[in-house]
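S.K.: Provided below for reference: sequence and predicted model.
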Amino acid sequence: MKTLRAYRSFPLVVRLLLINQFGVDIGFYLLIPFLVTYLGHDLGLSAALVGLILGVRNLSQQGLFVLGGSAADRLGPRGVIICGCMLRTVGFALFAAGSALPVLLTASALSGLAGALFYPAVRTYLAQEAGPRRAEAFALLNVFATGGSLLGLALGGVLLLVDFRVCALVASGVFAVLTLAQLYALPAREAPRRDTTVRRDWREVLANRPFLAFAVAMAGMSTLENQVYLLVPEGARQVTGRQEAAVAVLMIGALANLVWQLRVTRALARRGGGPAWIARGIVLTAFGFVPPLLVCGAGHPDGWGAAARNVCPVIAGALLVYVGIMIVHPLVMEMVPRFGPARLTGTHFGIFYVFSGLAAAGGNALVGWTLDVGRRTGLMVLPWLCCLVLGLLSATAVTWLRRTNGLPPTGDSAPARRPAGHGGSAPGRRASVGRLRRSLSCGRTRATQYLPRHCRTVRRVVCCRGCCCGGCHGRPRSRGVSWWRSVPWRPRVRTGCGCCHGQARTGEA
């Protein structure tokens, strides 16, 4: 019910985008999870050709995310979303139309290109329309995506009993319906005129060092997110000897996401949110790979009781991983647009997804190599330790960026907690006189928000805008429990050099 009320509280555009994500994941999981079985067993293709077809899809999607982001910035996200759904309609229909290698490669490339178009466009549109509730909107997007994936897997499993081509046609029909629905229901937003070229936009984003540093710092987390579908199910299968255990772990994680995602995001919002929780969420995700260390070396159990006992640590670790992703994902999606101007929101999302895709590919290769080494040597703890180290390195990098002010402040707390003229990286921290002299303009007095450390009520005070000694910028002298009471509601300045004392006496702001 809370999810439904939160859904209804958003504007119409946001609700349509959430429904769109729900339909996209239904269509995707109707077909893609069963594509390997169809290509390898039904068509009898070699493993090399199966890998080629899947690789073309991944490459066309991960490598062209920046194209979809730039198109959303320049043409408007609505048209890019509709174009992406149309391409996926054609691509999935080709999987049902023919079995020749050129047809399969074309279908795979079109499906990947479609994802490269509408994924950044949807995030861009959502970031523009959600306003200050971005984190909650992205949390709901994650909930709708998870629900769509569960429904798509269930429908695909049923339709696969008939024929894979039926799955492909139904998935294509889902995207066709989405195309028509968005064509008539999704409101158009006129894209602003641009005086710069696409190449210049890319250069501007790639020259944004804090953004690139953040994208690189999140590489470890991107790898950990992919292990939900790779290492975690493999670990459950290994310690139980049953395929059903892998499915059960995935289902438990998905249901946990549906139930807890919105609650986790709202709880973090009440506690301030921001980059600090991103690092904590990554640490929690990394520690999710610790419980399986207790049973990863166990052999195949003899009965159901031993299998249930072995799978419990894997389920506990999977839940920690899912909760960590619930913490990190909405906050990261909220933060990405803050690194640059609003006109480049799509480009930032596109380039961030390119970095995430490359990091996931490299990280998956590393985890797979450690898994093979562990099987040969009997050290089955290697892939789990590798994921733990990658997560801790990613959390350390994000923490370092936060401590060095390399991350943008959160939208709600930035004006109140770091007002102009008060300096420092925390509320109430006294700035040096030299910094005040460099940052303030001369001859004005203005009212700013001041948030004392022990009080969450924003008080209005007047700070000196002149080149003074800085005495009027300090905190009240009293350091008792009620020291914040000395900051009155009326405009006031402390005794400083007198540069703005006269205006303050008259109450001007």
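M.R.: Now that the structure is in, tell me what you want to look at. Residues are numbered from 1 along each chain as shown.
S.K.: any idea which element the residue nearest the centre of the chain lies in?
M.R.: In the chain, the C-alpha nearest the mean C-alpha coordinate belongs to residue 329, at 3.4 Å (CA atoms, centre = their mean). Secondary structure from DSSP states H and E places residue 329 in helix 304-335.
S.K.: name the helices or strands packed onto the helix or strand following that helix?
M.R.: Per DSSP H and E, the first helix or strand lying C-terminal to helix 304-335 is helix 345-377. Other elements packing on helix 345-377 under the criterion 3 or more CB pairs under 8 Å, 6 or more residues apart in numbering; DSSP states H and E are helix 47-62, helix 65-75, helix 101-130, helix 198-206, helix 209-217, helix 219-226, helix 231-240, helix 382-403. Heads up, the C-betas are built off the backbone N, CA and C, glycines and all.
S.K.: For the last one, give me every contacting residue.
M.R.: So that's helix 382-403. Helix 382-403 has contacts (CB atoms under 8 Å, 6 or more residues apart in numbering) with 210, 213-214, 216-221, 223-224, 227, 231, 235, 275-276, 278-280, 282-283, 285-287, 289-290, 292-293, 296, 363, 366-367, 370-371, 373-374, 406-407.
S.K.: Mind putting the helices and strands packed on helix 345-377 into CSV with mean neighbour count?
M.R.: Output for these, formatted as CSV (neighbours: other CB atoms under 10 Å):
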stretch, mean neighbour count
helix 47-62, 16
helix 65-75, 24
helix 101-130, 23
helix 198-206, 15
helix 209-217, 18
helix 219-226, 23
helix 231-240, 24
helix 382-403, 20
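S.K.: how close does residue 197 sit to residue 203?
M.R.: 9 Å (CB to CB, to the nearest Å).
S.K.: do the same with residue 180
M.R.: 38 Å.
S.K.: Please tell me I have it right and the residue nearest to the centre of the chain contacts residue 141.
M.R.: No. Using CB atoms under 8 Å, residue 329 makes no contact with residue 141, being 9.2 Å away.
S.K.: Export the helices and strands packed on helix 345-377 as JSON lines, with columns for distance to residue 265 and mean pLDDT.
M.R.: Output for the helices and strands packed on helix 345-377, formatted as JSON lines (distance: least, CB to CB, whole Å; pLDDT from 0 to 100):
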{"stretch": "helix 47-62", "distance to residue 265": "26", "mean pLDDT": "83"}
{"stretch": "helix 65-75", "distance to residue 265": "24", "mean pLDDT": "89"}
{"stretch": "helix 101-130", "distance to residue 265": "12", "mean pLDDT": "91"}
{"stretch": "helix 198-206", "distance to residue 265": "27", "mean pLDDT": "90"}
{"stretch": "helix 209-217", "distance to residue 265": "20", "mean pLDDT": "93"}
{"stretch": "helix 219-226", "distance to residue 265": "17", "mean pLDDT": "90"}
{"stretch": "helix 231-240", "distance to residue 265": "23", "mean pLDDT": "86"}
{"stretch": "helix 382-403", "distance to residue 265": "18", "mean pLDDT": "93"}
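S.K.: Adding distance to residue 355, write those helices out as CSV.
M.R.: Shown next, in CSV, are these (distance: least, CB to CB, whole Å):
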stretch, distance to residue 355
helix 47-62, 10
helix 65-75, 9
helix 101-130, 13
helix 198-206, 11
helix 209-217, 4
helix 219-226, 7
helix 231-240, 21
helix 382-403, 12
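S.K.: low pLDDT regions in the stretch 351-500 of the chain?
M.R.: For the stretch 351-500 of the chain, the stretches with pLDDT under 70 are 410-500.
S.K.: re earlier: to residue 264, which of the helices and strands packed on helix 345-377 lies closest?
M.R.: Taking CB to CB, helix 219-226 is the member of the helices and strands packed on helix 345-377 nearest to residue 264, at 15.7 Å.
S.K.: same for the closest one, what does it pack against?
M.R.: helix 275-287, helix 304-335, helix 345-377, helix 382-403.
S.K.: Those helices: which one's closest to residue 125?
M.R.: Of all those, helix 345-377 sits nearest to residue 125, with 8.9 Å by CB to CB.
S.K.: buried stuff in the closest one?
M.R.: Neighbour-count burial for helix 345-377, counted by 16 or more other CB atoms under 10 Å, picks out 345-357, 359-361, 363-364, 367, 370-371, 374.
S.K.: Number of residues surrounding residue 76?
M.R.: Residue 76: 19 surrounding residues under other CB atoms under 10 Å.
S.K.: okay, it: pLDDT?
M.R.: Residue 76 carries a pLDDT value of 87.
S.K.: again, but for residue 100
M.R.: Confidence score, pLDDT, at residue 100: 89.
S.K.: mind checking how far it is from residue 264?
M.R.: 47 Å.
S.K.: Tell me which of these two has more neighbours.
M.R.: Comparing residue 100 with residue 264 by neighbour count (other CB under 10 Å), the higher total belongs to residue 264, at 20 against 10.
S.K.: OK, contacts around residue 222?
M.R.: 355-357, 359-360, 363.
S.K.: what's the answer for residue 240, then?
M.R.: Taking CB under 8 Å, 6+ apart, one finds 300-301, 307, 310-311 in contact with residue 240.
S.K.: between those residues, which is closest to residue 57?
M.R.: Nearest to residue 57, judged by CB to CB, of the contacts of residue 240 is residue 311 at 31.7 Å.
S.K.: Now do the closest one: how many residues are near it, please.
M.R.: 25.
S.K.: Hmm, residue 237 and it touching each other?
M.R.: No. Contact between residue 311 and residue 237 fails when scored by CB under 8 Å: they sit 9.6 Å apart.
S.K.: Mutual contacts of those two, please.
M.R.: residue 245.
S.K.: Angles on the backbone of residue 218, please.
M.R.: Phi and psi for residue 218, reported as degrees, to the nearest 10, are phi -80, psi 0.
S.K.: Please shift the residue numbers so they start at 33 in all later answers.
M.R.: Got it, the first residue is 33 from now on, which makes the last one we talked about residue 250.
S.K.: State the pLDDT value of it.
M.R.: So residue 250 comes in at 93 (pLDDT).
S.K.: So residue 328 lies in a strand, does it not?
M.R.: No. Counting by DSSP: H, G, I helix; E, B strand; the rest coil, residue 328 is not found in a strand; it is coil.
S.K.: Can I take it that residue 131 is in a strand?
M.R.: No. According to three-state DSSP, residue 131 belongs to no strand; its state is coil.
S.K.: The closest residue to it other than its chain neighbours: how many residues sit nearby?
M.R.: Using CB to CB, 6 or more residues apart in numbering and skipping the chain neighbours, the partner closest in space to residue 131 is residue 75 (5.4 Å). Residue 75 sits with 14 neighbouring residues when counted by other CB under 10 Å.
S.K.: separation between residue 75 and residue 201?
M.R.: In terms of CB to CB, residue 75 sits 17 Å off from residue 201.
S.K.: Residue 259 too?
M.R.: Using CB to CB, one gets 33 Å for the distance from residue 259 to residue 201.
S.K.: Looking at the two now, which is surrounded by more residues?
M.R.: Taking other CB under 10 Å, residue 259 and residue 201 do not tie; residue 259 has more neighbours (27 against 19).
S.K.: List the residues that contact that one.
M.R.: 321, 353, 399, 419.
S.K.: next one: residue 317
M.R.: 253, 256-257, 352-353, 356-357, 360, 423.
S.K.: for stretch 226-244, the distance to its chain's centre please.
M.R.: 21 Å (CA atoms, centre = their mean, to the nearest Å).
S.K.: likewise stretch 193-201?
M.R.: Worked out by CA atoms, centre = their mean, stretch 193-201 lies 32 Å from the chain centre.
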